[in-house]
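Engineer: Here is my input; please provide its structure:
(chains A and B)
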Amino acid sequence: MSETKDKTRATADAWLVGAAAWAFPGAGHYLQGKWLRGLLITLVVCGMFAIGLAFGGHLFGLGGKEAGGGGVGASKLLQLPPTIANLGTGILYLVCWASNSGFNDSTEYAKLATFEYGNTFLLVAGLLNYLAMLDAFDIAAGRKP
Amino acid sequence: MTHLLVMILFAALVSIVFCVVARDTARDRLLYGLKVFAEFVGIGLALAWILYFLPL
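Structural biologist: Residues are numbered from 1 along each chain as shown, chains lettered A, B, ... in the order given. This next block holds a predicted model:
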(Lines give C-alpha, C1' and ligand atoms only; values in the text may rest on other atoms or scores of the structure.)
Protein backbone atom coordinates (compact mmCIF):
# COMPACT_ATOMS: atom_id res chain seq x y z
CA MET A 1 0.00 0.00 0.00
CA SER A 2 2.75 2.39 1.03
CA GLU A 3 4.78 1.39 -2.02
CA THR A 4 1.87 2.27 -4.33
CA LYS A 5 1.47 5.62 -2.58
CA ASP A 6 5.20 6.35 -2.98
CA LYS A 7 5.03 5.42 -6.66
CA THR A 8 2.03 7.70 -7.24
CA ARG A 9 3.85 10.52 -5.44
CA ALA A 10 6.98 9.96 -7.52
CA THR A 11 4.96 10.06 -10.75
CA ALA A 12 3.22 13.27 -9.68
CA ASP A 13 6.59 14.83 -8.86
CA ALA A 14 7.93 13.76 -12.24
CA TRP A 15 5.05 15.50 -14.03
CA LEU A 16 5.64 18.62 -11.95
CA VAL A 17 9.33 18.56 -12.82
CA GLY A 18 8.44 18.06 -16.50
CA ALA A 19 6.10 21.05 -16.42
CA ALA A 20 8.76 23.22 -14.75
CA ALA A 21 11.34 22.08 -17.32
CA TRP A 22 9.03 23.15 -20.13
CA ALA A 23 8.14 26.48 -18.49
CA PHE A 24 11.73 27.56 -17.95
CA PRO A 25 14.66 25.85 -19.71
CA GLY A 26 16.80 24.02 -17.14
CA ALA A 27 14.32 24.39 -14.26
CA GLY A 28 13.55 20.66 -14.20
CA HIS A 29 17.20 19.90 -13.56
CA TYR A 30 17.60 22.69 -10.99
CA LEU A 31 14.68 21.22 -9.00
CA GLN A 32 16.56 17.94 -8.77
CA GLY A 33 19.89 19.47 -7.81
CA LYS A 34 21.48 18.90 -11.25
CA TRP A 35 22.88 22.40 -11.33
CA LEU A 36 25.49 22.06 -14.06
CA ARG A 37 23.17 20.22 -16.44
CA GLY A 38 20.45 22.79 -15.79
CA LEU A 39 22.81 25.71 -16.32
CA LEU A 40 24.04 24.31 -19.64
CA ILE A 41 20.46 23.79 -20.82
CA THR A 42 19.43 27.30 -19.73
CA LEU A 43 22.41 28.87 -21.49
CA VAL A 44 22.00 26.90 -24.71
CA VAL A 45 18.20 27.22 -25.06
CA CYS A 46 18.03 30.89 -24.04
CA GLY A 47 21.16 31.61 -26.11
CA MET A 48 19.72 29.98 -29.23
CA PHE A 49 16.45 31.85 -28.71
CA ALA A 50 18.28 35.20 -28.42
CA ILE A 51 20.54 34.44 -31.40
CA GLY A 52 17.49 33.41 -33.44
CA LEU A 53 15.76 36.71 -32.77
CA ALA A 54 18.99 38.66 -33.36
CA PHE A 55 19.39 36.94 -36.74
CA GLY A 56 15.97 38.25 -37.77
CA GLY A 57 14.09 34.99 -37.30
CA HIS A 58 10.45 35.03 -36.31
CA LEU A 59 8.24 32.94 -34.08
CA PHE A 60 5.28 31.03 -35.45
CA GLY A 61 1.75 31.21 -34.11
CA LEU A 62 -1.66 30.01 -35.21
CA GLY A 63 -3.35 33.37 -35.09
CA GLY A 64 -0.44 35.73 -35.70
CA LYS A 65 0.39 38.13 -38.49
CA GLU A 66 3.09 35.95 -40.04
CA ALA A 67 2.65 34.43 -43.50
CA GLY A 68 -0.26 31.99 -43.45
CA GLY A 69 -0.91 32.67 -39.79
CA GLY A 70 -4.24 34.28 -40.37
CA GLY A 71 -5.31 31.77 -43.00
CA VAL A 72 -7.74 28.93 -42.84
CA GLY A 73 -7.56 25.19 -43.41
CA ALA A 74 -4.30 23.92 -44.90
CA SER A 75 -2.36 27.14 -44.27
CA LYS A 76 -3.23 26.94 -40.58
CA LEU A 77 -2.18 23.28 -40.50
CA LEU A 78 1.19 24.21 -42.00
CA GLN A 79 1.74 26.64 -39.14
CA LEU A 80 1.07 23.96 -36.54
CA PRO A 81 4.39 22.01 -36.51
CA PRO A 82 6.64 25.10 -36.26
CA THR A 83 4.30 26.59 -33.65
CA ILE A 84 4.63 23.44 -31.54
CA ALA A 85 8.42 23.59 -31.94
CA ASN A 86 8.51 27.27 -30.91
CA LEU A 87 6.21 26.58 -27.95
CA GLY A 88 8.92 24.33 -26.54
CA THR A 89 10.78 27.38 -25.26
CA GLY A 90 8.06 27.84 -22.63
CA ILE A 91 8.10 31.19 -20.93
CA LEU A 92 10.36 32.73 -23.58
CA TYR A 93 7.66 32.11 -26.20
CA LEU A 94 4.88 33.25 -23.88
CA VAL A 95 6.65 36.53 -23.06
CA CYS A 96 7.11 37.25 -26.76
CA TRP A 97 3.49 36.33 -27.42
CA ALA A 98 2.23 38.55 -24.59
CA SER A 99 4.38 41.49 -25.70
CA ASN A 100 3.64 40.80 -29.39
CA SER A 101 7.33 40.77 -30.29
CA GLY A 102 9.31 38.31 -32.36
CA PHE A 103 6.32 37.34 -34.53
CA ASN A 104 6.95 39.94 -37.21
CA ASP A 105 7.60 38.38 -40.62
CA SER A 106 8.13 41.53 -42.68
CA THR A 107 10.13 41.69 -45.92
CA GLU A 108 12.68 43.82 -44.07
CA TYR A 109 13.63 40.80 -41.95
CA ALA A 110 13.08 38.26 -44.72
CA LYS A 111 15.76 39.85 -46.91
CA LEU A 112 18.43 39.42 -44.22
CA ALA A 113 20.98 36.74 -45.10
CA THR A 114 20.53 35.23 -41.65
CA PHE A 115 16.70 35.17 -41.69
CA GLU A 116 16.35 31.41 -42.22
CA TYR A 117 19.16 30.72 -39.77
CA GLY A 118 17.22 32.75 -37.23
CA ASN A 119 14.08 30.68 -37.78
CA THR A 120 16.10 27.48 -37.46
CA PHE A 121 17.72 28.61 -34.20
CA LEU A 122 14.30 29.51 -32.77
CA LEU A 123 12.72 26.20 -33.80
CA VAL A 124 15.63 24.09 -32.56
CA ALA A 125 15.75 25.97 -29.23
CA GLY A 126 12.20 24.78 -28.57
CA LEU A 127 12.90 21.22 -29.69
CA LEU A 128 16.01 21.02 -27.51
CA ASN A 129 13.98 22.17 -24.52
CA TYR A 130 11.47 19.38 -25.17
CA LEU A 131 14.42 16.97 -25.09
CA ALA A 132 15.68 18.48 -21.82
CA MET A 133 12.14 18.28 -20.43
CA LEU A 134 11.96 14.54 -21.16
CA ASP A 135 15.39 14.08 -19.58
CA ALA A 136 14.27 15.88 -16.41
CA PHE A 137 11.08 13.78 -16.35
CA ASP A 138 13.05 10.54 -16.67
CA ILE A 139 15.39 11.54 -13.84
CA ALA A 140 12.44 12.42 -11.60
CA ALA A 141 10.69 9.14 -12.47
CA GLY A 142 13.81 7.19 -11.51
CA ARG A 143 14.56 5.93 -15.00
CA LYS A 144 17.88 7.80 -15.25
CA PRO A 145 20.64 8.72 -12.78
CA MET B 1 29.17 36.25 -39.71
CA THR B 2 29.80 33.64 -42.39
CA HIS B 3 27.56 30.67 -43.13
CA LEU B 4 30.30 28.33 -41.90
CA LEU B 5 30.58 30.10 -38.55
CA VAL B 6 26.81 30.02 -38.06
CA MET B 7 26.81 26.29 -38.81
CA ILE B 8 29.67 25.70 -36.35
CA LEU B 9 27.85 27.74 -33.67
CA PHE B 10 24.66 25.76 -34.27
CA ALA B 11 26.53 22.44 -34.13
CA ALA B 12 28.30 23.41 -30.91
CA LEU B 13 25.11 24.47 -29.11
CA VAL B 14 23.10 21.42 -30.18
CA SER B 15 25.99 19.09 -29.28
CA ILE B 16 26.05 20.50 -25.74
CA VAL B 17 22.40 19.60 -25.09
CA PHE B 18 22.71 16.23 -26.82
CA CYS B 19 25.70 15.21 -24.71
CA VAL B 20 24.09 16.48 -21.48
CA VAL B 21 20.92 14.42 -21.95
CA ALA B 22 22.32 11.33 -23.67
CA ARG B 23 25.24 10.32 -21.46
CA ASP B 24 25.71 9.96 -17.71
CA THR B 25 29.41 10.44 -16.94
CA ALA B 26 31.56 13.50 -17.65
CA ARG B 27 33.98 11.57 -19.84
CA ASP B 28 31.22 9.95 -21.90
CA ARG B 29 29.54 13.33 -22.30
CA LEU B 30 32.71 14.97 -23.56
CA LEU B 31 33.44 12.20 -26.06
CA TYR B 32 29.83 12.04 -27.26
CA GLY B 33 29.60 15.83 -27.55
CA LEU B 34 32.77 15.98 -29.64
CA LYS B 35 31.53 13.13 -31.84
CA VAL B 36 28.16 14.78 -32.46
CA PHE B 37 29.83 18.14 -33.15
CA ALA B 38 32.25 16.55 -35.64
CA GLU B 39 29.37 14.73 -37.34
CA PHE B 40 27.29 17.90 -37.66
CA VAL B 41 30.15 19.90 -39.17
CA GLY B 42 31.50 17.02 -41.30
CA ILE B 43 28.13 16.09 -42.79
CA GLY B 44 27.27 19.77 -43.29
CA LEU B 45 30.48 20.35 -45.26
CA ALA B 46 30.03 17.13 -47.25
CA LEU B 47 26.47 18.10 -48.21
CA ALA B 48 27.61 21.61 -49.13
CA TRP B 49 30.24 20.22 -51.54
CA ILE B 50 27.75 17.74 -53.05
CA LEU B 51 25.25 20.54 -53.66
CA TYR B 52 28.02 22.73 -55.11
CA PHE B 53 28.55 20.27 -57.96
CA LEU B 54 24.88 19.64 -58.60
CA PRO B 55 23.34 21.82 -61.33
CA LEU B 56 20.48 23.17 -59.22
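
Engineer: Show me what from chain B comes close to chain A.
Structural biologist: B:Met1, B:Val6, B:Leu9, B:Phe10, B:Leu13, B:Val14, B:Ile16, B:Val17, B:Phe18, B:Val20, B:Val21, B:Asp24 (CB under 8 Å from any CB of the partner chain). For the C-beta atoms, the positions are set from N, CA and C on the backbone; glycine is no exception.

Engineer: what about the closest residue to the last one other than its chain neighbours, distance to B:Ile16?
Structural biologist: Ranked by CB to CB, 6 or more residues apart in numbering or on different chains and with sequence neighbours excluded, the top spatial neighbour of B:Asp24 is A:Pro145, at 5.5 Å. With the distance defined as CB to CB, to the nearest Å, A:Pro145 ends up 19 Å from B:Ile16.

Engineer: Those two: which has the busier surroundings?
Structural biologist: Neighbours per residue, other CB atoms under 10 Å in any protein chain shown: of A:Pro145 and B:Ile16, the larger number sits with B:Ile16, 20 against 8.

Engineer: The more buried one touches A:Val45, doesn't it?
Structural biologist: No: taking CB atoms under 8 Å as the definition, B:Ile16 is not a contact partner of A:Val45, at 10.2 Å.

Engineer: Quickly note the distance from A:Asp84 to A:Gly26.
Structural biologist: For residue A:84 the amino acid is Ile, not Asp. For A:Ile84, the distance to A:Gly26 (CB to CB) stands at 20 Å.

Engineer: Check which helix or strand the residue nearest the centre of chain B maps to.
Structural biologist: The central residue of chain B, meaning the one whose C-alpha is nearest the mean C-alpha position (CA atoms, centre = their mean), is B:Phe40 at 2.5 Å. Per DSSP states H and E, B:Phe40 falls inside helix B:26-53.
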